[in-house]
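Colleague: Can you look at this prediction? I've put the sequence above it.
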Amino acid sequence: MRYSANLTGGSLKLAESRAVAGFLLEHGDDKVAWKSAIGKENMLKAKNAATAIRIGRIIKDRLVLTMPELWKMVYEGDSILATHALLAAAIKHSYLLGDFMDLVVREQRRIFAKQLSNAVWEEYLKLCRARDPALKDWNECTKRRIRSTVFQVLAQAGYIDNTRNLCLQVVHISAQVEKYLRENNEAYVLRCVEVMA
């Protein structure tokens, strides 16, 4: 199955992602240290253990698909560099996000549309079902949560001005992230992040 609802786990979450990236740089995939950092130490400063586990899992699942070089950008980079690095990891983790950028945002840019819309999102989901027959027919609540997360990600990375107006903006991806993607043969992710350049 190409598409999943794993995006409902959250947007880019810069502060929490910096903590997870720092953990991965220091401990790698040490499961005992991870459990302690998330639970006992409350590394993510979450309100409760269930939230910490859920947010920690989605961030870690994204980051472990990339190389430590990208983790370092998230951990040490300024907010723009770290956000672009997190966007790259989120795209690699979710074809639903990546294809929306590659197919829909790119097309909206091509036709000089000024903003995205909920209708464009709904049409995209229909096309996803056509491309991936195994895709579940999500309920309306799940579809709204996924759409909300995608638009939050696009706003955090600067592709739209905010989640109310959805006005498209030009984005020049960080040179370090672009270099990382080229050197690691991440052509799909690179194509997605460059849709508004």
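Modeller: That came through fine.

Colleague: pLDDT (mean, whole number) over the longest helix along the chain?
Modeller: Longest helix in the chain by number of residues, with DSSP state H as the criterion: helix 140-156. Mean pLDDT, computed over helix 140-156, is 94.

Colleague: same deal with stretch 182-197?
Modeller: What stretch 182-197 shows for mean pLDDT is 95.

Colleague: buried residues in that stretch?
Modeller: Glu186, Val189, Leu190, Cys192, Val193, Glu194, Val195, Met196 (16 or more other CB atoms under 10 Å). For the C-beta atoms, the positions are set from N, CA and C on the backbone; glycine is no exception.

Colleague: from those residues, which is closest to Val104?
Modeller: Val195 (9.1 Å; CB to CB).

Colleague: my guess is the closest one contacts Val105, does it?
Modeller: Yes: using CB atoms under 8 Å, Val195 makes contact with Val105 at a distance of 4.9 Å.

Colleague: list residues touching both of the two?
Modeller: Shared contacts of Val195 and Val105 (CB atoms under 8 Å, 6 or more residues apart in numbering): Tyr159.

Colleague: Narrow the buried residues of stretch 182-197 to those in helices?
Modeller: Val189, Leu190, Cys192, Val193.

Colleague: Domain map for the chain?
Modeller: As given by automatic domain parsing, the domain ranges for the chain are 7-90, 94-193.

Colleague: what about the last one, how long is it end to end?
Modeller: When you say that, I think you mean domain 94-193. Counting by CA to CA, to the nearest Å, you get 13 Å between the two ends of domain 94-193.

Colleague: same thing with the shortest one?
Modeller: Using CA to CA, the end-to-end distance of domain 7-90 comes to 9 Å.

Colleague: so how far is it off the chain centroid?
Modeller: Its chain's C-alpha centre and that of domain 7-90 lie 12 Å apart, by CA atoms, centre = their mean, to the nearest Å.

Colleague: Between all of the ones in helices among the buried residues of stretch 182-197, which two are at the greatest distance?
Modeller: Top of the distance list for these (CB to CB): Leu190 and Cys192, 7.2 Å.

Colleague: follow-up on the earlier one: give me the next element, helix or strand, following the longest helix of the chain.
Modeller: Downstream of helix 140-156, the first helix or strand assigned by DSSP states H and E is helix 175-183.

Colleague: got the buried residues for stretch 154-170?
Modeller: Across stretch 154-170, burial judged by 16+ other CB under 10 Å covers Leu154, Ala155, Gln156, Ala157, Gly158, Tyr159, Ile160, Thr163, Leu166, Leu168.

Colleague: For Phe100, state which of those residues is nearest.
Modeller: Distances from Phe100 to the buried residues of stretch 154-170, taken by CB to CB, are shortest for Leu154, at 8.6 Å.

Colleague: what about the closest residue to the closest one other than its chain neighbours, distance to Arg109?
Modeller: Spatially, and ignoring its direct neighbours in sequence, Leu154 is nearest to Ile160 (4.8 Å; CB to CB, 6 or more residues apart in numbering). Counting by CB to CB, to the nearest Å, the gap from Ile160 to Arg109 is 12 Å.
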